[in-house]
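Asks: below are the sequence and a predicted model; questions follow.
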Amino acid sequence: MTDAQATPLAPLLTPARLRQPGPPERTEVAPPTIHHAAAGAVLGEARLVTLYDGASWSEGPTWWARERTLVWSDIVGRRVLGWREDGAVDVLLDATPFINGNAVLPDGTLVHCEHGRRAISRSDGTGVATPIAWAAEGSRLNAPNDLIVTPDGAIWFSDPTFGLENPKQGVPGRSESGRTAICRIDEDGTVRRMVDMAQPNGLAFSPDRRTFYASQTPEHGEGEVAICAFDWDGTALSNRRRFATMAEGIPDGFTIDRRGWLWSSSAKGVELFDDDGTHLATVPTPETCSNCTFDADEMRLFVTGGAHLWMLPLA
């Protein structure tokens, strides 16, 4: 580990407020398209609203229950932002090393995927991020993209090379391992590459944690663009299979609800699938959707894309 990798970012003296408290704005977009009756009861008369529209490229949303705040990243703007229940938007972390994915640990602190320092870091949302993992099995990570935290405290993350290839979203570099993989940080801090994929991206577990999902989003024909499913026995991933593909765009980030339904980003918006992979509905967004997540009660779906953070109230 180098000194640059170990040194946390300098904290801000005062968090910046980007939006004052106030109601959301109406979003001019078509209503959801229901492909299966089961989705109608969930989506009801849901209409997308805009919570914020001043980012450069929004990604990595996660619900921070302790603070009742929706946390997400402006990757290109190099900030981690927080939407509050009163409608205010604050800068939580500034001048970040191109943070992408965010998640919450069991103790209520935040963890982040950093393209710039090629690391997983941890913060309390006050402007300081400290790396906790930067290598796996003897080689440096690529550019961690998205991550989730399971109830046992394990951190799972995708490690493609996008952040090494796009100067707007990271620091140019080369893969030391020559692999792009889904990785896991165990409770003792050990980092393992669990399975290789062609540019892995979003990831999630089924509610019973027996099925693991990860999207594969290669740009140059190295493999199929799809969401894959795996069996998880508590030790290893097995039985890889195709779960779903997008009619337009890629399955960038996604989330899974308590029913086991999967809500995925696409070029059209949010695509909804049941646990058998049946396409249930499409929720259009004004521009390409990058990711989505729920609040703790699953009564609101928060959606990121381009400059925007949107919200879909659910029935």
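Replies: That came in fine, so what should we check first? Residues are numbered from 1 along each chain as shown.

Asks: how close does the closest residue to residue 257 other than its chain neighbours get to residue 76?
Replies: Counting by C-beta to C-beta, 6 or more residues apart in numbering, residue 257 lies nearest to residue 298, which is 5.5 Å off, once chain neighbours are set aside. Glycine gets a C-beta too; all of them are placed from N, C-alpha and C. Plainly put, residue 298 is 30 Å away from residue 76 if you go by C-beta to C-beta, to the nearest Å.

Asks: show me where the stretch 201-315 of the chain has its strands.
Replies: Applying DSSP state E, counting those that start in this stretch to the stretch 201-315 of the chain gives strands spanning 211-216, 226-232, 237-244, 254-256, 262-265, 269-273, 279-284, 291-294, 300-305, 308-313.

Asks: okay, now the sheet partners of the shortest one, with direction.
Replies: When you say that, I think you mean strand 254-256. Strand pairing for strand 254-256, determined by DSSP bridges: strand 262-265 (antiparallel).

Asks: what comes into contact with the strand it pairs with?
Replies: If you take C-beta atoms under 8 Å, 6 or more residues apart in numbering as the criterion, strand 262-265 is touched by 202, 204, 213, 215, 227, 243-244, 246, 249-257, 270-275, 288-292, 301, 303, 305.

Asks: can you give me every residue that contacts residue 315?
Replies: Going by C-beta under 8 Å, 6+ apart, residue 315 touches 41, 42, 43, 44, 45, 46.

Asks: do that again at 10 Å, thanks
Replies: 40, 41, 42, 43, 44, 45, 46, 299 (C-beta atoms under 10 Å, 6 or more residues apart in numbering).

Asks: again with residue 143
Replies: With contact taken as C-beta under 10 Å, 6+ apart, residue 143 is in contact with 98, 100, 113-119, 158-166, 169-171, 173, 175, 180.

Asks: may I see the PyMOL selection of the buried members of these?
Replies: In PyMOL, a selection of the buried entries from the contacts of residue 143 looks like this (16 or more other C-beta atoms under 10 Å):
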select buried, resi 98+100+113+114+115+116+117+118+119+158+159+160+161+162+163+164+165+169+170+173+175+180
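
Asks: just the ones in helices from the contacts of residue 143, please.
Replies: 162, 163, 164, 165 (DSSP state H).

Asks: what would those residues look like in CSV with distance to residue 94?
Replies: Compiled in CSV, those are given as follows (distance: C-beta to C-beta, whole Å):
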residue, distance to residue 94
162, 22
163, 19
164, 23
165, 25
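
Asks: one step back: count the residues that sit near the residue nearest to residue 257.
Replies: A count of nearby residues for residue 298, using other C-beta atoms under 10 Å, gives 14.

Asks: surely it meets residue 42?
Replies: Yes. Counting by C-beta atoms under 10 Å, residue 42 is a contact partner of residue 298 at 9.4 Å.

Asks: between these two, which contacts overlap?
Replies: If you check residue 298 and residue 42 against C-beta under 10 Å, 6+ apart, the residues they both contact are 257, 259, 314.

Asks: end-to-end on stretch 258-273?
Replies: Using C-alpha to C-alpha, to the nearest Å, the end-to-end distance of stretch 258-273 comes to 13 Å.

Asks: quick one: it to chain centroid distance?
Replies: Its chain's C-alpha centre and that of stretch 258-273 lie 13 Å apart, by C-alpha atoms, centre = their mean, to the nearest Å.

Asks: identify the residues contacting stretch 31-45?
Replies: So stretch 31-45 is contacted by 46-48, 257, 259, 261, 268-274, 278-284, 298, 301, 312-315 (C-beta under 10 Å, 6+ apart).

Asks: so which residue is dead centre in this structure?
Replies: Closest to where the C-alpha atoms of the chain average out (C-alpha atoms, centre = their mean) is residue 60, at 3.6 Å.

Asks: need phi/psi at residue 37.
Replies: Backbone geometry at residue 37, expressed as degrees, to the nearest 10, gives phi -60, psi -30.

Asks: that one and residue 309, how far apart?
Replies: As judged by C-beta to C-beta, residue 37 and residue 309 stand 30 Å apart.

Asks: the more surrounded of the two?
Replies: residue 309 (24 against 8).

Asks: I'd say the more buried one and residue 50 touch.
Replies: Yes. Between residue 309 and residue 50 a contact is recorded at 7.6 Å, counting by C-beta under 10 Å.
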